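1. From the sequence below, what's the structure:
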Amino acid sequence: MSPALLSSPWMLAAIALALLGGVLLVASLIALVQFRPLTLLLRLAAGCVAVAGAALIVAVVIGTQGYQALTREAIAAQIRVEPLAPQRFRAHVRLADGREGTYELAGDEIYVDAHILKWKPIANLAGLHTAYELDRIAGRYHALKDEKAGKRTVYELGADKPIDLFTLRRRYAFLEPLLDAEYGSASFVPVTGPAQFEVRVTTSGVLIREIKPQ
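-> Numbering: from 1, shown residues only. Here you go, the predicted model:
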């Protein structure tokens, strides 16, 4: 975990909650020794809530690493393509966070999709807003028969995370009041020759636009 992340307001809040939870749990042990059942239950419950809140904050912070903030429209990547052979081309990708990669793809089109996390208004009040991460890049064929029989080439664009918040939201319904996880936001364009494209993410999905030479 980076020093900047450790010093973020959210992580500081998580540390404070964890410390408070620890103090309350120790205090509950003291109440147990002193045989004060009501005090024990109150301190134990409050301590557990504080620790759980800290764990939730840490999960959100770590789970959103790699995601970029999205307001209306953001440039997510630039892609330069070079045809290699019929239905074969190379794509040089530079992502908004500076990561780069080169991929050899099969097909007639270049395809990109994204994960979009949309926080509900109650989470917006806490400073959490819509964020995105490009998920994969692939080659796509015009003809369905080629799609069925042709070589499939798909590569991951997202960064590895110890906690995958997108998958957790899709798996657990209790996160629904806080977060929507959209999958299937995708776009594709034909590759007919050397070209450069710009991948943009909007609140309604992914767009790929060719950048024409000046």
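2. average pLDDT for stretch 48-62?
-> Averaging pLDDT along stretch 48-62 gives 75.
3. how about that stretch as PDB, C-alpha atoms only?
-> Taking C-alpha atoms only, stretch 48-62 is exported to PDB below (Å, rounded to 0.1, in the frame of the first residue of the first chain):
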ATOM      1  CA  CYS A  48     -17.400  -4.500  17.000                       C
ATOM      2  CA  VAL A  49     -19.300  -1.700  15.100                       C
ATOM      3  CA  ALA A  50     -16.200   0.500  15.100                       C
ATOM      4  CA  VAL A  51     -13.900  -2.400  13.900                       C
ATOM      5  CA  ALA A  52     -16.400  -3.400  11.200                       C
ATOM      6  CA  GLY A  53     -16.600   0.200  10.100                       C
ATOM      7  CA  ALA A  54     -12.800   0.500   9.800                       C
ATOM      8  CA  ALA A  55     -12.700  -2.800   7.900                       C
ATOM      9  CA  LEU A  56     -15.300  -1.500   5.500                       C
ATOM     10  CA  ILE A  57     -13.500   1.800   4.800                       C
ATOM     11  CA  VAL A  58     -10.200  -0.100   4.200                       C
ATOM     12  CA  ALA A  59     -12.000  -2.500   1.800                       C
ATOM     13  CA  VAL A  60     -13.500   0.500  -0.100                       C
ATOM     14  CA  VAL A  61     -10.200   2.300  -0.300                       C
ATOM     15  CA  ILE A  62      -8.200  -0.800  -1.500                       C
END
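4. Tell me how far it lies from the chain's centre.
-> Computed by C-alpha atoms, centre = their mean, to the nearest Å, the chain-centroid distance of stretch 48-62 equals 18 Å.
5. ok, residue 24 to residue 77 distance?
-> Distance, residue 24 to residue 77, using C-beta to C-beta, to the nearest Å: 46 Å. For glycine as for every other residue, the C-beta is placed from the backbone atoms N, C-alpha and C.
6. ugh, wrong one, residue 87
-> 23 Å.
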